[in-house]
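Visitor: Dropping a prediction and its sequence here:
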Amino acid sequence: MIGRLNHVAIAVSNIEVATAVYRDTLGAEVSEKVAQPDHGVSTVFINLPNTKIELLEPLGENSPIAKFLEKNASGGIHHVCYEVDDIKAARDKLVEAGARVLGDGEPKIGAHGKPVLFLHPKDFCGTLTELEEA
Ligand code: CO
């Protein structure tokens, strides 16, 4: 059912410092910083030949990554995102198999302008898992 790895998201408390690590130390191609107020984060994409790294920094009150950064002060892998052809069909199959979808269970438009949803980490090997319709 799942296809390509779309991105690995890394939560950080300072996205400028993290971007510099990827750009200057690791020599990667990085995007501009974009505020995503609907999602409570700012993002920078690191474009790799075969996938992307999504740097996430908290934005505003009640950012969904604030708690994660309290527990992981130096940052860390926050989620992985896999592509699926049909997100609602994938969701229905997973729910039938007992998986929990976060939020109201309906796909939302994500940071790339495509429908996404998140699956409970306890059902997926301790890893918050995002599905994005390709
Ligand atoms: Co993501």
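Guide: Thanks, I have the structure now. Residues are numbered from 1 along each chain as shown.

Visitor: quick one: the nearest residue to residue 2 once chain neighbours are set aside and the ion, what's the gap?
Guide: Spatial nearest neighbour of residue 2, chain neighbours left out: residue 82 (4.0 Å); criterion: CB to CB, 6 or more residues apart in numbering. Backbone N, C-alpha and C define where each C-beta goes, glycine included. Applying CB to the ion, to the nearest Å, the value for residue 82 to the ion is 10 Å.

Visitor: burial of residue 115, as a residue count?
Guide: 18 (other CB atoms under 10 Å).

Visitor: That one contacts residue 90, correct?
Guide: No: contact criterion CB atoms under 8 Å: residue 115 and residue 90 do not qualify, at 10.5 Å.

Visitor: pretty sure residue 73 belongs to a strand, no?
Guide: No: counting by DSSP: H, G, I helix; E, B strand; the rest coil, residue 73 is not found in a strand; it is coil.

Visitor: Distance check, the closest residue to it other than its chain neighbours against the ion.
Guide: Excluding the flanking residues, the one nearest residue 73 by CB to CB, 6+ apart is residue 13, at 7.3 Å. Distance of residue 13 to the ion, computed by CB to the ion: 18 Å.
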